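K.L.:
Sharing a model prediction with you, sequence too.
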Amino acid sequence: MHHRFKKDAPSGTAERLREILLAELRLDARSLRHGRKGMTGERTPGEEGVHALRGGDVVGDHTVMFAGLGERLELTHKAGDRGIFARGALRAAQWVVTQKPGVYDMQDVLGLK
């Protein structure tokens, strides 16, 4: 979820989370369902839902949910201040000037690869 003025959906963070999950689950983009409406029937075993919400002044809330029968595991990140994104951009700028030419992402910057 993001503030009501955000233009794109899903956000870049949500897209990256989706990419990681699809890779780990060995699924492709054909398994995605962006929202549900009407009599859609049961969710099929290979179907993964993605929802983008916009409202109010939410800076950025992202939740990955693993829902089973009788239980649910949720991993949530909530950004309450846009300054966190600016700090990340500054960290990336400081890091990238020491790298060889190439294409990098924040996982590279944070040493997560």
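P.N.:
Perfect, thanks for sending it.
K.L.:
and the helix or strand of the chain with the lowest mean pLDDT, how far out from the chain's middle?
P.N.:
When each helix and strand of the chain is scored by mean pLDDT, DSSP states H and E, strand 32-34 comes last, with a mean of 84. Centroid separation for strand 32-34 versus its chain: 14 Å, with C-alpha atoms, centre = their mean, to the nearest Å.
K.L.:
Please report phi then psi for the residue positioned nearest the centre of the chain.
P.N.:
The centroid of the chain falls nearest to residue 14 when counting by C-alpha atoms, centre = their mean (1.9 Å). With angles defined as degrees, to the nearest 10, residue 14 sits at phi -60, psi -40.
K.L.:
ok, now residue 94?
P.N.:
phi -70, psi -40.
K.L.:
let's number from 5 now, not from 1
P.N.:
New numbering, starting at 5: the last item is residue 98.
K.L.:
Could you check how many residues crowd around it?
P.N.:
10 (other C-beta atoms under 10 Å). For every residue, glycine as well, the C-beta is placed using N, CA and C.
K.L.:
Okay, domains of the chain per the record?
P.N.:
As assigned by automatic domain parsing, the chain contains the domains 5-84, 85-117.
K.L.:
Kindly report which one of the ones you listed carries the lowest mean pLDDT.
P.N.:
Of all the domains of the chain, domain 5-84 carries the lowest average pLDDT, namely a mean of 90.
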